[in-house]
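*Asks:* Show me how the following folds:
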Amino acid sequence: MRLASLGILATAILLVSSASAADVAAGKAKAEICAGCHGDNGISQTENIPSLAGQLDQFIQWQLVFFRAGARKNEQMQPIVEQLNNDDIRNLGAYFGSLPPFKGGKDDNPDLSEKGKQAAAGRRCASCHGDTFAGTKAVARIAGQREEYLVKALHDYKSGQRSGGAQAAMADVAYPLSDEEITALAHYLAHL
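*Replies:* Numbers count the residues shown, from 1 in each chain. All right, here's what the predicted structure looks like:
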């Protein structure tokens, strides 16, 4: 297990620090296969599928490496990521990072958002995801993300079902959250 983790880390470091520049146009061409689930221009229209537009380049790269190495599992993603080489991953990160993020729609429940804002402050979400929840380096942008996807992700972290990346930190944060707090937090973040 430790050897596999070192292999994933080495691959990710190579991707992020590689001397060759990423090609956004090549990333856009490669992303055509992503649009079926993640939506045109990276804005998901599919329940429980995250939007990728505006995600940070390094975050996209790390997640693709985790999927490709099997550290993060998803039946739909596995056959796709197995076909990606390091340049593809680098280019996809640059492409999705270059897109404007989805801006949350009109908040239909400001009271729920206020509860979510309190939950975010109490769980130190901004310490990793940034003050505006736009993410930092290899940490996900969660502002404006699909609400039901955020609920699913938090439940997956809480149950230990989701691994890869910040599993330990996210499990620590998500585990004590009640279902009501998860709902409020997801609502708040989705409408930022």
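*Asks:* Only C-alpha atoms from now on, for both contacts and neighbour counts.
*Replies:* OK.
*Asks:* quick one, domains of the protein?
*Replies:* 2-98, 110-190 (automatic domain parsing).
*Asks:* Nearest to residue 104, out of those?
*Replies:* Minimum separation from residue 104 across the domains of the chain (C-alpha to C-alpha) falls at domain 110-190, 4.4 Å.
*Asks:* Which strand or helix spans residue 171?
*Replies:* Per DSSP states H and E, residue 171 falls inside helix 167-174.
*Asks:* following that helix, which helix or strand comes up?
*Replies:* Heading C-terminal from helix 167-174 (DSSP H and E), you reach helix 179-190.
*Asks:* Pull out the buried positions in that next one.
*Replies:* 181-190 (16 or more other C-alpha atoms under 10 Å).
*Asks:* what sits against the spatially most central residue of the chain?
*Replies:* A centroid search over the chain (C-alpha atoms, centre = their mean) returns residue 140, at 4.6 Å, as the residue closest to the centre. Applying C-alpha atoms under 8 Å, 6 or more residues apart in numbering to residue 140 gives the contacts 55-56, 59, 129, 134.
*Asks:* What of residue 105?
*Replies:* 190-191.
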